[in-house]
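K.L.:
how would this look folded up:
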Amino acid sequence: MEARAYLRHARISPRKVQIVLDLIRKQDCEKAMAILRYTPKAACEPLEKLLKSAMANAENNFSMDRNNLYVSECYVTPGPTMKRIRPRAQGRAFKVLKRTSHITLVVKEKE
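P.N.:
This next block holds a predicted model:
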């Protein structure tokens, strides 16, 4: 039995999210929450909300015990990229890629 939570079109680069996801993978949910709360990365704030959502899904939809939950899998895939133009000297233009992420977080109950 597992509970999932998704965050789609998050306005943060997948590369930045992956660093934080590697910290919380296979951790107890309470420990993962503490890691997210005290890690100074931009991805931590949306990931903390996503973990709370996955825990709530497990508790309310699947009647799992909140104290026995752990992050079984978590991954990020690139979402659509917004392309913007940055003016440069002598009439040139540089392309700025504003990347987005699709984040999936799965929690399971320990046996």
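
K.L.:
Show residues contacting stretch 71-81.
P.N.:
2, 8-10, 14, 17-18, 21, 24-29, 32, 51, 97-108 (CB atoms under 8 Å, 6 or more residues apart in numbering). Where C-beta positions appear, they are placed from N, C-alpha and C, glycine not excepted.

K.L.:
Which of the residues you listed fall in strands?
P.N.:
2, 8-10, 97-98, 101-108 (DSSP state E).

K.L.:
All the helices of the protein, residue numbers only.
P.N.:
Ranges of helices in the chain, per DSSP state H, are 14-24, 29-38, 44-62.

K.L.:
residues contacting the residue nearest the centre of the chain?
P.N.:
Centroid check for the chain by CA atoms, centre = their mean gives Leu47 as the closest residue, at 4.2 Å. By CB under 8 Å, 6+ apart, the residues touching Leu47 are 17, 20-21, 24, 36, 103, 105.

K.L.:
May I see those organised as CSV, with neighbour count added?
P.N.:
Converted to CSV, the contacts of Leu47 look like this (neighbours: other CB atoms under 10 Å):
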residue, neighbour count
Val17, 25
Val20, 23
Leu21, 19
Ile24, 24
Leu36, 23
Ile103, 24
Leu105, 26
